[in-house]
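Student: Sharing a sequence plus its predicted fold:
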Amino acid sequence: MKKYVRTYLDFFDYPHDQDSFVGCEYCNARACDIHHIKGRQMGGSKQISVVDDIHNLIALCRKCHEHAESSKDFNKRIRIIHLKKIIKQLEIY
C-alpha cells in the first residue's frame, strides 16, 4: 500500500483492507483512487511530506478522478468539500 493511501485511511479511521467501503468525497460512489488535489507537476510542492499531506489527498471514484485530472474548477470544488471533511473529522477528536 502506498504511503499516501495509508495516510488517508489512517486519518479518517478506515480499515486497511480491500473490502472496506471508502466513498468518493464528491458523489459517494465507491472510491477507487486517492487523488492528489495539487500534484507536483501542477505546482504542488516537490517535498513528498507536503504533497502527501492529508490536506492534499481526497478519495474519488474513477469518474470523479478523471474529471479532477482535467478540470481546475472541479479541483477547487473538491478541495473545499475535502477541507470541510477534515474539519469535521478533527471535531470528533
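Tutor: Perfect, I can see it now. None of the values given here were measured: they were computed from a predicted structure.
Student: rest of the way, CA atoms for contacts and neighbours
Tutor: Fine.
Student: Give me the phi and psi angles of the residue most central in space within the chain.
Tutor: The chain has I58 as the residue nearest its centroid, 1.0 Å off, counting by C-alpha atoms, centre = their mean. Main-chain torsions, I58, degrees, to the nearest 10: phi -140, psi 140.
Student: Which positions are bridged to it in the beta structure?
Tutor: I58 has these beta-bridge partners by DSSP bridges: H35.
Student: mind listing what it touches?
Tutor: Going by C-alpha atoms under 8 Å, 6 or more residues apart in numbering, I58 touches Y8, E25, I34, H35, H36, I37, R79, H82.
Student: tell me the contacts of the nearest residue to I78 once chain neighbours are set aside?
Tutor: Nearest residue to I78, sequence neighbours excluded (C-alpha to C-alpha, 6 or more residues apart in numbering): Y26, at 6.6 Å. By C-alpha under 8 Å, 6+ apart, the contact set of Y26 is L60, C64, I78, I81.
Student: what about the third one, which helix or strand?
Tutor: Yep, that's I78 we're talking about. For I78, the host element (DSSP states H and E) is helix 72-92.
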